[in-house]
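1. What shape does this take:
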Amino acid sequence: MRRVAVILTLLVAIATASNWIYHVTIYNPNDYNLTEYQVRVELPDELKGREIAITYNNSPVPFCYETTNYECTTDSTKGDGYIWIKVPFIPANGKTGLKLAVGTNGAVNGDQVFDFYDDFNEGQLDTNKWVLGDANYGGIYYSIENGQLATWSDGHWRILRSKDPIGLENAVVEARILNAQDDQWHALYLTDANGDWNRYGILNIWGSDDMYVQVYCRGNYDNDYEELMDRFPLNQWLILRIVKKGTSYWGEVFDNSWNLLVKASKVFTCNDFTEAYIRQWKCYSNKDYWDWVRVRKYADEEPIASVVMVSPHSLLAVFNPNDYDLAEYQLRAQLPIELQGKPLKVIYNGISVPFCYETANDECTADPLKGDGYVWIRVPSIPAKSGIYLIIERVANGAVSGDQVFDFYDDFSETQLNSTKWILGSGTYLPINYKIYDGQLEVWGSDHWSNMVSKEISVSEFLVEAKVMNMGGDDQWNALVIEDRSGNELSLHEMDGTSLSSRLICNGQVEDVKLLDAFPDHRWLTFKVSFNGTFSINVFDQNGNLLASTSLQCPNFGGKFKVEQRKKVNVSDFWDWVRVRKYAEREPIYGFFPPANVTLTNTAVVTTSVTLVPTTLVETTTILSSTTKPETPVVALASVFLVALRRRLKDGS
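-> Purely as a prediction, here's the structure:
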């Protein structure tokens with residue numbers, strides 16, 4: 001064991017000291033392309049403080065290391081573990097793959113990363129960036145002290161403004177500032193570059209210690225103010241942000257840890273205000289401070305980024321676009337061609353993850369030769385608006401039965417109903433008549449209502465799916481019933497001997513909706529019923545075409561529930577399978593990375609080829625939520641490659 005630990009330490013040391021390659025995957029959740037977009041990415045622990053270089057299509061990509069006070073530096077030892085990357089292009093609802101190499105420093109200064117940047121570390125004001133005074137106001141007095149710009153005046157209004165206007169249609173202007181004394185300081189302003197007095201800014205007003213935003217738009221707003229805080233904080237660093245989205249503007253204030261303190265409740269629009277200068281005004285003699293100011297591009301939703309070392313195994317990247325965590329979530333993923341029909345094992349944080357192969361009739365099997373190219377994976381955890389990587393190994397078959405993947409599952413592959421899953425006859429119902437053959441459940445009734453009821457299932461937001469066949473006739477078949485403890489229930493059933501309808505009983509109120517004029521005979525249908533306060537009902541034919549859908553409200557449904565079917569007439573109908581899985585408003589997005597050609601030796605790990613683009617990136621919905629923080633929502637991923645190293649070492653290879 002001691003020898004293994006020593007060798008592992010050497011391998012890791014050599015790997016991180018040499019020119020190692022990492023994947024940086026950046027996903028754009030917006031419905032439009034992002035170009036030259038600044039993305040904040042957290043580095044894995046083993047890369048923090050190390051020199052790195054980033055390329056896209058073999059060309060260098062501008063980036064810098066973020067410092068503890070959020071400046072941009074080329075010195076990796078001064079970094080706080082985050083980097084800012086100016087990503088050349090991220091397609092709408094798509095991804096961009098970058099290559100990150102260790103051992104070479106490719107960082108550049110902030111001017112090359114941001115659309116405007118100054119951290120005042122040069123000792124003098126850069127006249128290529130700033131202008132002191134204009135036709136109406138004198139130049140502000142200033143000094144640069146320890147990389148911070150101190151400004152003051154002499155009882156008259158004096159200004160500092162950017163030499164060039166912000167030419168971006170959508171921009172985020174941010175400044176780290178310190179208000180040292182109550183006075184009339186217009187701390188961060190955008191003013192019209194066209195010579196009009198249109199403006200938007202964050203300030204305090206003479207005779208008051210409040211913090212305001214001020215807007216002036218010729219013909220729309222005449223010196224309109226909104227109070228943000230009843231006190232402009234003194235002697236503490238704040239980060240002020242003004243967002244410019246087209247001709248609309250709003251302000252936000254953060255503390256020094258990027259916690260949002262206040263956001264302007266109004267979004268002001270000024271159609272004549274298209275290009276803006278960055279400006280501050282001073283009137284009195286006390287000093288206030290700017291530490292840095294920058295401009296970056298704005299998007300409605302920040303991209304999602306992740307970093308991982310290349311692996312000798314395939315990697316499955318899974319991104320969660322929702323603003324809440326997903327736990328024990330069932331993900332359906334299409335395997336790359338090279339993995340289809342092969343025995344696989346799915347690993348997360350060194351532990352096997354339950355999964356099964358999907359068959360041609362949508363069942364779950366542990367036999368890879370019976371798979372249709374898809375797998376169902378029960379992913380342990382996916383953080384909100386972030387992602388994880390799973391390792392896909394081809395060393396052994398780790399697939400399990402559907403019971404271990406889904407929250408409830410039965411494909412009737414046994415010759416008898418499983419008594420741990422089902423109860424025959426409950427309450428006033430007789431036991432339903434049944435037989436099982438060829439993996440299908442045939443049921444029929446009698447002159448009295450009979451049923452079969454599942455065990456109780458505990459999932460608050462769920463999706464119930466069942467594959468059913470109606471054999472025809474007026475058979476009074478409640479083909480799928482979902483019932484909670486309070487007697488609320490939703491059923492899909494044949495009504496009036498012909499039509500397929502849904503019935504919701506919620507708090508004693510009954511609501512019927514006809515789905516199809518005729519319940520199709522002798523054809524397989526798939527029912528999919530999701531619930532998250534609202535039931536969404538969808539009926540598909542055997543080719544996956546949507547036949548009918550509706551939505552019904554029952555907010556009080558929930559807690560624990562059961563799945564059921566009911567029969568009355570002596571006519572056979574069939575279930576092929578039924579399952580319950582967790583529901584998410586937006587399905588996770590996934591992408592496979594093929595393995596890098598990695599060879600392990602006794603002294604080093606050698607990468608001979610690297611593929612940086614996922615073979616697939618699949619999404620089923622559009623991400624709609626957003627973040628208020630300045631950084632890209634990311635997950636810092638420890639090197640999953642270490643798992644493979646430990647396994648190889650343990651095996652003695």
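2. what about the closest residue to Leu43 other than its chain neighbours, distance to Arg50?
-> Spatial nearest neighbour of Leu43, excluding adjacent residues (Cβ to Cβ, 6 or more residues apart in numbering): Gly81 at 5.6 Å. Yep, even glycine has a C-beta here, placed from its N, CA and C like the rest. Using Cβ to Cβ, to the nearest Å, Gly81 is found at 11 Å from Arg50.
3. circling back to that earlier point, isn't the residue nearest to Leu43 right next to Arg40, touching?
-> No. Gly81 lies out of contact with Arg40 (Cβ atoms under 8 Å); the separation is 10.9 Å.
4. Looking at the two, which has the bigger crowd around it?
-> Remark: of Gly81 and Arg40, Arg40 carries more neighbours, 20 against 16, as counted by other Cβ atoms under 10 Å.
5. how's this protein carved up into domains?
-> 1-106+596-653, 117-297, 327-401, 408-582 (automatic domain parsing).
6. what about Glu36, how many residues close to it?
-> 13.
7. from what I can see, it looks like it's in a strand, true?
-> Yes. Under DSSP: H, G, I helix; E, B strand; the rest coil, Glu36 sits within a strand.
8. which residues touch it?
-> By Cβ atoms under 8 Å, 6 or more residues apart in numbering, the contact list for Glu36 reads Lys86, Val87, Pro88, Phe89, Lys297.
9. Tell me where this protein has helices.
-> Secondary structure of the chain (DSSP state H): helices at 2-17, 110-113, 641-651.
10. and the contacts of Glu36, which of them are in strands?
-> When strands are assigned by DSSP state E, the members of the contacts of Glu36 inside them are Lys86, Val87, Pro88, Phe89, Lys297.
11. What is the neighbour count of the third one?
-> Counted with other Cβ under 10 Å, the burial measure for Pro88 works out to 16 neighbours.
12. Ok, the last one next?
-> The number of residues packed around Lys297, counting by other Cβ under 10 Å, is 18.
13. That one contacts Val172, correct?
-> Yes. With contact defined as Cβ under 8 Å, Lys297 reaches Val172; the gap is 7.3 Å.
14. Mind pulling up the pLDDT for the residue of the chain most remote from its centre?
-> The outermost residue of the chain, judged against the average C-alpha position, is Asp447 (53.1 Å), by Cα atoms, centre = their mean. With respect to pLDDT, Asp447 scores 86.
15. list the contacts for it?
-> If you count contacts by Cβ under 8 Å, 6+ apart, then Asp447 has Lys568 around it.
16. cool, and the one 3 residues further on?
-> For Ser450, the residues meeting the contact criterion (Cβ under 8 Å, 6+ apart) are Gly425, Tyr429, Leu430, Pro431, Ile432, Asn433, Arg566, Lys567, Lys568.
17. mind checking how far the nearest residue to Ile392 once chain neighbours are set aside is from Leu344?
-> In this structure, Ile392 finds its nearest non-sequential neighbour in Ser314, 4.1 Å apart by Cβ to Cβ, 6+ apart. Counting by Cβ to Cβ, the separation of Ser314 from Leu344 is 9 Å.
18. anything in contact with each of those two?
-> Common contact partners of Ser314 and Leu344 (Cβ under 8 Å, 6+ apart): Ile392, Arg394.
19. so where's the stretch 351-500 of the chain uncertain?
-> Low-confidence segments of the stretch 351-500 of the chain (pLDDT under 70): 473-475, 496-497.
20. Would you check that Glu363 makes contact with Gly402?
-> Yes. Between Glu363 and Gly402 there is a contact under Cβ under 8 Å: 7.3 Å.
21. Mutual contacts of these two, please.
-> Residues touching both Glu363 and Gly402 (Cβ under 8 Å, 6+ apart) are Asp411.
22. ok, Arg199 - contacts?
-> Residues in contact with Arg199 (Cβ under 8 Å, 6+ apart) are Tyr189, Leu190, Thr191, Asp192, Gln214, Val215, Tyr216, Phe273.
23. What of Val353?
-> Taking Cβ under 8 Å, 6+ apart, one finds Val346, Ile347, Ile377, Arg378, Val379, Pro380, Leu390 in contact with Val353.
24. Show me what stretch 179-186 is in contact with.
-> The contact list for stretch 179-186, computed with Cβ under 8 Å, 6+ apart, reads 187, 201-206, 209, 214, 232-235, 238, 279-284, 286-289.
25. Please indicate which of these are buried?
-> Buried subset of the contacts of stretch 179-186 (neighbour count, 16 or more other Cβ atoms under 10 Å): 187, 201-205, 209, 214, 232, 238, 279-284, 287-289.
26. quick one: low-confidence parts of the stretch 201-350 of the chain?
-> 205-208, 219-223, 311.
27. circling back to that earlier point, dump the contacts of Glu36 to JSON lines, plus distance to Asp164.
-> As requested, those are exported to JSON lines (distance: Cβ to Cβ, whole Å):
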{"residue": "Lys86", "distance to Asp164": "18"}
{"residue": "Val87", "distance to Asp164": "23"}
{"residue": "Pro88", "distance to Asp164": "23"}
{"residue": "Phe89", "distance to Asp164": "24"}
{"residue": "Lys297", "distance to Asp164": "16"}
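28. what about the residue nearest to Lys370 when sequence neighbours are not counted, neighbour count?
-> In this structure, Lys370 finds its nearest non-sequential neighbour in Thr359, 5.3 Å apart by Cβ to Cβ, 6+ apart. Per other Cβ under 10 Å, the neighbour tally for Thr359 reads 17.
29. Could you list the buried residues of stretch 36-55?
-> Across stretch 36-55, burial judged by 16+ other Cβ under 10 Å covers 37-44, 46-48, 50-55.
30. quick one: low-confidence parts of the stretch 551-653 of the chain?
-> Where the stretch 551-653 of the chain drops to pLDDT under 70, the residues are 596-653.
31. that older thread, just the ones in strands among the contacts of Glu36 now: which is nearest Asp407?
-> Nearest to Asp407, judged by Cβ to Cβ, of those is Val87 at 38.5 Å.
32. Is the closest one in contact with Val39, as I believe?
-> Yes. Val87 lies in contact with Val39 (Cβ under 8 Å); the separation is 5.4 Å.
33. Roughly how far does Val108 sit from Phe462?
-> Val108 is 50 Å from Phe462, by Cβ to Cβ.
34. Compare the two (neighbour count), which wins?
-> Looking at Val108 and Phe462 with other Cβ under 10 Å, you find the greater number of neighbours at Phe462, namely 20 against 16.
35. Please determine how far the more buried one is located from Ile589.
-> The gap separating Phe462 from Ile589 is 21 Å, by Cβ to Cβ.
36. just Thr55 next, same as before
-> For Thr55, the distance to Ile589 (Cβ to Cβ) stands at 24 Å.
37. Same question for Val569.
-> Val569 is 46 Å from Ile589, where distance means Cβ to Cβ.
38. who has more neighbours, those two?
-> Neighbours were counted for Val569 and for Ile589 using other Cβ under 10 Å; Ile589 has more, 24 against 18.
39. isn't that one right next to Pro321, touching?
-> Yes. Applying Cβ under 8 Å, one finds Ile589 in contact with Pro321, separated by 6.3 Å.
40. The residue nearest to Ile392 and Gln340 touch, don't they?
-> No. Using Cβ under 8 Å, Ser314 makes no contact with Gln340, being 11.8 Å away.
41. These two: which has the busier surroundings?
-> When Ser314 and Gln340 are compared for neighbours, Ser314 comes out ahead with 21 against 16, by other Cβ under 10 Å.
42. that older thread, please enumerate the shared neighbours of Val87 and Val39.
-> Common neighbours of Val87 and Val39 (Cβ under 8 Å, 6+ apart) are Ile26, Pro303.
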